[in-house]
Each structure stands twice: as C-alpha cells, then as structure tokens.
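K.L.:
Sequence and predicted structure below; questions after.
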Amino acid sequence: MTDSLENWRRTHYSNEVKKELKGEKVLLMGWIHEMRDLGGIIFVLLRDRDGIIQITVPSKKVSPELFEEIKKLKKEAVIAVKGDVQESPKAPNGVEIIPEEIKLLNESELPLPLDTTGNTHAEIDTRLDSRFLDLRKFDVSAIFKIKSRIFHSIRKFLNERGYIEINTPKLVASATEGGTELFPITYFEREAFLGQSPQLYKQMMMASGFDKVFEIAPIFRAEEHDTLRHLNEATSIDLETAFTDHEDSMKILEELIHRAIQDVADECKEELETLGVDLKVPEIPFPRVDYDEVVEIVNSKGVLMRYGEDLSRAAEKVMGEVMDGYYFITGWPTAIKPFYVMPGFENPEKSCAFDLMYRDLEISSGAMRIHSYDLLVQQMKEKGLNPASFERYLQAFKYGMPPHSGWGVGAERLTMSVIGAKNIRETVLFPRDRRRLTP
RNA sequence: GCCUUGGUGGUGUAGGGGCUAUCAUGCAGGCCUGUCGAGCCUGCGACUCGGGUUCAAAUCCCGGCCAAGGCGCCA
C-alpha cells in the first residue's frame, strides 16, 4: 500500500538542510539509501539528487504507529518525510531529521540488480543494463552534472561571442560524402541515412550570412569500432565562422575549452571531489605541433610512422606520453584530410587543418574550408567523389560564399578529458556501441 | 572485422575431471537505543548454451551466444 502525494511538496534538498535550520520543519523527498534498524532506534538514510540525510527515529520520540511504519520500509523505496531539523554531533554532517509524518510513495523490488550504495562493485555491462539505478550513485551522477555544466558554459561563451545556435537535419539523403559508414534507414519509399556530421549544413549556413553558428547535436557513425573511446551515437559540438581562417578557429576553440574547464572547476567542486578529480585549468594558448614534427617524434620513439599517414593508435600513445594536456596538431597533409579542407596557400600539400588532442585522445578536428566553387569541385574529383551528388551543397558556393573556418568537438571525449574517464561509455547516459542498442 | 582472455547465487568473486561448490555483499527472519562499510544469530540463493571425450564434465575438447581488454576501421 502506497500513499498519494496530495499537497506534499519538497521544501529542501538534503544538502540544503544545514545546522542553521535547526528546529525548523522541512519536507524532503527521495529514496531510501540504507536502513539501520538498531531495535529501539532506526536510522534511515534518505537520498535525493544532491545528497543523503539521516532520518533518526528513536522509539521514545515518535508515535508507535510511525515507528512501526518506518520499521517496515525497504531499500530504494520512494518516500516523503515531514519532520524537524535537529543538530546532532553524532549525525552525519551534524544534522538529522526527526520525523513527524511519512508517506511511502512507491516501493522497490528486491534484491536490486546492482548495489546503489556502491559497496559491491558492478561491471560496466551490468551497470548499463540498469543504468537508472547506476545513476543513483553519486560518483556516476557527478559525471553528468559536469557534462551539463560544460554544455551550459559553452552555450554561454558562444552567446557572448555572438554565435547563433542552429539545428540541422539528422535525416539525410546522401551517402556520398565518403569516409565513415552511415546508418541506412527507410524514409517512406526511399532510402535515407542518419547524419554523420553537420559539416555540409553549417558550411551552407556560411552562405546565409549568419556569420557565426554552432550546433550541439547527435552524430551517427556506423563503424564497427569496439574501443573505449568510440561510440556509434555521439554528441558533436560544431562551430563555423565566416571571414576567418584556421588560426582564428583554433583560438576560439582553446578559449572555449579553457572557459568550460574553468567553469567546471569553479561550479562543480563537489562533483569533482566525489570523482576524486584534481582538475587543472589548462593554460592558453595550447601548444601547436606541426605534423612534420609529429612524424619525427613518433619515429624517434621507435614507432613507425610514414609521412602522409594518419596517426596509428601506437602513434597517438607516443604523442600522449610526450605531450601532457591539450595541444594542437597542425599542418596536416592535404591528401589525408577531407575534400572541403583548404590546401595551404604557400604549400598546397599541407592543409589548413588541425586536430585538438588531449594526451593520446583526439578531441576535435577543424580547418579553414574551401570557399571557391572551382577548387571545391576539383578537390572532390581528386578524392574520388562525384560533384553531381553534392549539387545542393555546391550551390551554396556559387552565389557569394565567404571564406570560413570551423571545427567539431566530440562532447563525450571532451568530458572524458575533464574527468579522466577511461571508458567513453561512462560519459553517456545510454551509450550506443557496436553491441548495445538498449536501454 | 581480427587477436587475447573470460562467462560460477541478484552483484562481485574462489575453485578447476568425482566437493555438501568458496568468500563477500545481498535477500528473508530474529536480537539490539547512536548507527554511519553497524554488529550478532538462523536461513535462502549459482556453475552461459549446444555437441563431444569419459565410468564420471561446472572443470577437458569443438561450436554458438555474451562480455572484458587490445588492434583495425573512424572524410
């Protein structure tokens, strides 16, 4: 038998109940984290989003009916409690609630699929199967509070800089961009695909005169990768700016990362402490390493890397050991970058593309883009793509496309770099990977 | 997709041809008025699936499924 909510509403979160409130009545709502029944006195640990507070139930201070009602409560049941705040040096955090009235709002089945107190270790697979329970643990929810703060900080920063937040379609017709595999879907009587990147759309927006745009949205990649740093559905923070080159784009990127981490350091102290993370705000500008230097460094450490190759995993690891923190790799060969990347003005073999790395992890890649219609078509042909299938995109380059540059940041990888996560799945509520499609 | 390792109560594990299958946590019941990883007593609960070898398979072999880690792939 459960009670109805009626006119009961929460007055405080558990972490708002401080000594200064002693003697006051409060109404708290949450889950039963633990029950410690000592016979004549019961301690109920009530957990809500922001913390845990002790409800102390001495048999001599509450009615026998209430005492019996509380005695019967079980782990993870949802309750509401009205009571008095009492200061007590014996209570955790020095405060506890002496209950006056209680509502059992819902029960929980037992045993639980995983231990919400975190005393018994559970593997990631088990945790993700029951993710909502996993998220009841503070060391898990802290990650998402931090991720939320990162997004908030980025939106605030870009608004201050005059950027317009846009939304581009995730249902797309073309599979002809080349490169990554796309997820095919049925679009009425036609075939369509899930978008791998807003790249072409945000470039088209440069021809709209919006000048500065960004988008935070999912991207889908149908690669069969099965690693700790890949997802098949990820969140991309994409930005594009007209009348700028790649140097401008690197500058705003490092400023944005700096600001986001500063904000996390300032606003998420508790979460960082819960995670045991000693967050250092990186200094800007970030170091720039030319691709040519990368090849030298990697080879000097005994890992073979030929000029003109992308970084192998082993090469990334070498760079991760040599470079601490965030750094850019610049001067990429035009040959291994996408068709829309601007070749260098002095040496067209070297492009205006850059990657932002955090140790051995690629966080972002960006570039100055080609704004000349003829050059773009030429680059497409050189990469083996058919310009005809890009008609709607190419059209935007015919009627006054300004020079522009931009980048895309993997939000989950950025979060990993901030909290020091080893598995990207830790940074997504419900990850989609090679095997997992539920929950 | 490839390589390696693994799959034992709800969770996390020990064991590794014949065991009553180990331990912790959990769950159920009981005792206990200051717990905070509460404590104590009693009980409950498991060998991934299919085939093979063998007198005998949770254990060895083959295959499937699932997972962990690594790599490849990732304009």
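P.N.:
Perfect, I can see it now. What you are looking at is a predicted structure, and each value in this text was computed from that prediction instead of being measured.

K.L.:
what does the stretch 101-250 of chain A put close to RNA strand B?
P.N.:
A:110-115, A:119-126, A:177-180, A:196-197, A:199, A:221, A:223-228, A:230 (Cβ under 7 Å from any atom of the strand). All C-beta atoms are positioned from the backbone trio N, CA, C, and that covers glycine.

K.L.:
Give me the buried entries from those residues.
P.N.:
Buried members of those, counted by 16 or more other Cβ atoms under 10 Å: A:Leu114, A:Ala122, A:Glu177, A:Gln196, A:Ser197, A:Gln199, A:Arg221, A:His230.

K.L.:
Which members of the residues you listed are the farthest-apart pair?
P.N.:
A:Leu114 and A:Glu177 (41.0 Å; Cβ to Cβ).

K.L.:
is the residue nearest to A:Phe210 when sequence neighbours are not counted in a bridge, and if so with what?
P.N.:
Closest residue in space to A:Phe210, ignoring its immediate chain neighbours: A:Ile164 at 5.4 Å, by Cβ to Cβ, 6 or more residues apart in numbering. Counting by DSSP bridges, A:Ile164 is bridged to A:Val213.

K.L.:
ok, how many other residues are close to A:Ile164?
P.N.:
14 (other Cβ atoms under 10 Å).

K.L.:
swap in A:Gly40?
P.N.:
10.

K.L.:
so what's it up against?
P.N.:
Neighbouring residues of A:Gly40 by Cβ atoms under 8 Å, 6 or more residues apart in numbering: A:Pro58, A:Ser59, A:Lys60.

K.L.:
could you redo those residues as a markdown table and give each row neighbour count and distance to A:Pro402?
P.N.:
Below are the contacts of A:Gly40 laid out as a markdown table (neighbours: other Cβ atoms under 10 Å; distance: Cβ to Cβ, whole Å):
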| residue | neighbour count | distance to A:Pro402 |
| --- | --- | --- |
| A:Pro58 | 13 | 73 |
| A:Ser59 | 16 | 77 |
| A:Lys60 | 7 | 78 |
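
K.L.:
So which of the residues you listed reach RNA strand B?
P.N.:
On the criterion Cβ under 7 Å from any atom of the strand, A:Pro58, A:Ser59, A:Lys60 are the entries of those that sit beside RNA strand B.

K.L.:
how about the nearest residue to the last one once chain neighbours are set aside, phi and psi?
P.N.:
Setting aside the residues directly before and after it, A:Lys60 is nearest to A:Gly40 in space (Cβ to Cβ, 6+ apart), at 7.7 Å. Main-chain dihedrals, A:Gly40, degrees, to the nearest 10: phi -90, psi -10.

K.L.:
how about the strands of the stretch 151-300 of chain A, start to end?
P.N.:
Taking DSSP state E, counting those that start in this stretch to define them, one finds strands in the stretch 151-300 of chain A at A:164-165, A:171-172, A:184-187, A:190-194, A:212-220, A:233-242, A:288-290.

K.L.:
tell me what the second one is packed against?
P.N.:
Contact partners of strand A:171-172 among helices and strands, from 3 or more Cβ pairs under 8 Å, 6 or more residues apart in numbering; DSSP states H and E: strand A:190-194.

K.L.:
Closest approach to RNA strand B from the stretch 301-439 of chain A, which residue is it?
P.N.:
Residue of the stretch 301-439 of chain A nearest RNA strand B, by Cβ to the nearest atom of the strand: A:Pro338 (2.4 Å).

K.L.:
Residue in the stretch 1-150 of chain A with the shortest distance to RNA strand B?
P.N.:
Counting by Cβ to the nearest atom of the strand, the stretch 1-150 of chain A gets nearest RNA strand B through A:Gly40, at 2.3 Å.

K.L.:
Fine, thanks again, bye for now.
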